[in-house]
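**Q** Fold the following, please.
(2 chains)
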Protein chains: 2
Amino acid sequence: MGEFDLIARYFTRSVRRAALGVGDDCALLAPAPGMQLAVSSDMLVEGRHFFADVDPEALGHKALAVNLSDLAACGARPLAFTLALSLPRVDEAWLAGFAGGLLALADAHGCELVGGDTTQGPLNICITVFGEVPAGQALLRSGARPGDDLYVSGTLGDARLALEALLGHVTLPADVLGRARQRLERPTPRVALGEQLRGVASSAMDLSDGLLGDVSHILKASGAGARIDVDVASNLIAASACLSSARGNLDDDLIRQCTLAGGDDYELAFTAPPTRRDAVAAAAQASGTPVTCIGTVLAEPGLQLVDARGQAVESRYASFDHFR
Amino acid sequence: MGEFDLIARYFTRSVRRAALGVGDDCALLAPAPGMQLAVSSDMLVEGRHFFADVDPEALGHKALAVNLSDLAACGARPLAFTLALSLPRVDEAWLAGFAGGLLALADAHGCELVGGDTTQGPLNICITVFGEVPAGQALLRSGARPGDDLYVSGTLGDARLALEALLGHVTLPADVLGRARQRLERPTPRVALGEQLRGVASSAMDLSDGLLGDVSHILKASGAGARIDVDVASNLIAASACLSSARGNLDDDLIRQCTLAGGDDYELAFTAPPTRRDAVAAAAQASGTPVTCIGTVLAEPGLQLVDARGQAVESRYASFDHFR
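**A** Numbering: from 1, shown residues only, chains lettered A, B, ... in the order given. Predicted coordinates:
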């Protein structure tokens, strides 16, 4: 099967919102008047972002999910994406699975595949995603202000727990591993929450490399610091069915590592003034996404970790870096 | 050097036309009122699109050039691009060269780097480029009509000639190889011509995989056929300094292969009604890009190759397919 047959069979679909889709030199997007286009690119590499034997359907889901998560972090509504794919060989069963997972998530978010590229080479998936956001209303990393509450959506640590188990570092009951692995391999981008937080949150980003490291990016961009209540953050563990049910088997250090610096959570971290607590609660409810306040933004730069008694806790939890 | 230092050092620049550039979860683009956004993604893989030892400065140039060529084919004006880069290791000399070649071409076209991704893995460069085009005026592949003239810009075959020499299939004088290699490694996207052809050409595409194969895509999309005068097309050889100066050393079959199915030319193929010949000539002059009429669009599907006497010429020249 040649390149053009491949594109035609698995990746050509009619478009409804884009002005022109797959099959020409460019796709054409027509943002509605008053809208800005939010754009993000993520590249996934075998052995770095996923195991060689991962279910292709899950991989298709995840490749788009991590990009939709970037749109969510900006409060943008998904519109379209391009897919560039380097494949070692044409494996039709693999492609059918991959396209199935990818396009099911795309359909669920009304996000159209409008173009891309295919070539032969080491497995590499590069998606560029486009979303619409009213001009001036995108959620940025730079808007956190001293006194703002610091929130996290959902629960943290399950994806890292699954990774540790798959690497053989810990042993988990089969049902716990199954659920944790779902969160590693099929993350849920918080798109609805991101849209609801427009006009409410003062800053936001998605958690891909780990809570502490990612929150540091918000603080650096905002010229601020923060105090995080580690015990409150650890309550997110209790809210995680996987980590709480596995808790008896795991040492506390690993649990904290998973929660504070786990990576691959694809939850949103965001800030909002205390005056907007009702609005934050309403956004959480409207999007069906739980949120937890885990700290406060400070004027003084740096990240202070404290326990429930206000005592300082030393951080040894590094964030993920793709070149370390 | 970690991922964030890498991005900061080589790939973070202030933006002027985009609403938000590198450093947040998304970049923000704000197309002007009445404009559509043209989008294209191209992925370049070591060993498939370039040799491992290619000059990184030339590679940076080419990675963006092939994307700008897609914008040119739509008649779109370059606006911005994202860069996703998978690197085996952080090699600062390589990165400085790559970024230098990439950003020099970007600056020449006012095309801003607004975001992307970096990761560790086999060398892979994925660029997604954005251009503006007035709504409804993009040049598409589907607009060719029977009776239209079929044109090609510039000259064809030099890139393929360089590739054959680098693969050891032919021997070229050093100066000829040097010039041919420039066209292989530092192609010139025909952006100005593409913009000038808006409202003039009935269809267009860029020549990346070879003249005959690529023109077939226009014809298929337009539900038409074409007759190409191979002798006129071969005059493009005479116009190519490299192929003409090497002509004595090369067999006719190789020359025809380079011209008709060479690939990597990044010239534009386009059609226009005979009534617009003056407008085509004016577009060529305004953009400083020579164009040559090489045939005629026919109602009957298929590609007919004829010589100067109108006799049929059999085609044995296959186009490049990334999975063959």
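
**Q** A:Ile127 looks like it's in a strand, true?
**A** Yes - under DSSP: H, G, I helix; E, B strand; the rest coil, A:Ile127 sits within a strand.

**Q** wait, what's in contact with the spatially closest residue to it that is not a sequence neighbour?
**A** For A:Ile127, ignoring the flanking residues on the chain, the nearest one in space by C-beta to C-beta, 6 or more residues apart in numbering or on different chains is A:Asn67 at 4.8 Å. Quick note: C-beta positions are derived from backbone N, CA and C, even for glycine. Taking C-beta atoms under 8 Å, 6 or more residues apart in numbering or on different chains, we find A:Asn67 in contact with A:40-42, A:81, A:127-129.

**Q** Let's verify A:Asn67: helix, strand, or coil?
**A** Applying three-state DSSP: A:Asn67 is helix.

**Q** Quickly note the distance from A:Leu44 to chain B.
**A** Here A:Leu44 is placed at a distance of 8 Å from chain B (C-beta to the nearest C-beta, to the nearest Å).

**Q** and the host helix or strand of that residue, how far from the chain's centre?
**A** Per DSSP states H and E, A:Leu44 falls inside strand A:35-45. Taking C-alpha atoms, centre = their mean, to the nearest Å, the mean C-alpha location of strand A:35-45 is offset from the chain mean by 12 Å.

**Q** So what angle separates the directions of that strand and strand B:35-45?
**A** 10 degrees (axes from the mean of the first three to the mean of the last three C-alpha atoms, to 10 degrees).

**Q** on contacts alone, who are the packing partners of strand A:35-45?
**A** helix A:56-74, strand A:124-134, strand B:27-29, strand B:77-87, strand B:112-120, strand B:124-134 (3 or more C-beta pairs under 8 Å, 6 or more residues apart in numbering or on different chains; DSSP states H and E).

**Q** I'd like those written out as a markdown table, with mean pLDDT added.
**A** Written out in a markdown table, the entries for the helices and strands packed on strand A:35-45 read as follows (pLDDT from 0 to 100):
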| stretch | mean pLDDT |
| --- | --- |
| helix A:56-74 | 96 |
| strand A:124-134 | 95 |
| strand B:27-29 | 85 |
| strand B:77-87 | 93 |
| strand B:112-120 | 89 |
| strand B:124-134 | 95 |
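
**Q** circling back: considering the contacts of A:Asn67, which possesses the most neighbours?
**A** Counting neighbours by other C-beta atoms under 10 Å in any protein chain shown, A:Thr128 comes out on top of the contacts of A:Asn67 with 32 neighbours.

**Q** Scan the helices and strands of chain A for the one with the lowest mean pLDDT.
**A** Lowest on mean pLDDT, DSSP states H and E among the helices and strands of chain A sits helix A:230-239, with a mean of 65.

**Q** Downstream of that helix, the next helix or strand is which one?
**A** According to DSSP H and E, the helix or strand after helix A:230-239 is helix A:241-246.

**Q** which residues are contacting that next one?
**A** A:155, A:157-158, A:161-162, A:172-173, A:176, A:179-180, A:183, A:237-238, A:250, A:255, A:258-259.

**Q** pLDDT averaged over that helix - what is it?
**A** The pLDDT scores in helix A:241-246 average 70.

**Q** coming back round to it: quickly run through the sheet partners of the strand holding A:Leu44, with directions.
**A** Here strand A:35-45 is paired, per DSSP bridges, with strand A:124-134 (antiparallel), strand B:27-29 (antiparallel).

**Q** Can you say which of those is nearest to B:Glu314?
**A** strand A:124-134 (39.1 Å; C-beta to C-beta).

**Q** For that closest one, list the C-alpha coordinates in PDB.
**A** The C-alpha trace of strand A:124-134 is given here as PDB (Å, rounded to 0.1, in the frame of the first residue of the first chain):
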ATOM      1  CA  ASN A 124       6.800   9.000  15.500                       C
ATOM      2  CA  ILE A 125       3.500  10.800  15.900                       C
ATOM      3  CA  CYS A 126       3.300  14.500  15.600                       C
ATOM      4  CA  ILE A 127      -0.100  16.200  16.000                       C
ATOM      5  CA  THR A 128      -0.800  19.900  15.700                       C
ATOM      6  CA  VAL A 129      -4.100  20.900  17.200                       C
ATOM      7  CA  PHE A 130      -6.200  24.000  16.600                       C
ATOM      8  CA  GLY A 131      -8.900  25.500  18.800                       C
ATOM      9  CA  GLU A 132     -10.900  28.600  19.000                       C
ATOM     10  CA  VAL A 133     -11.000  31.100  21.800                       C
ATOM     11  CA  PRO A 134     -12.600  34.500  22.000                       C
END
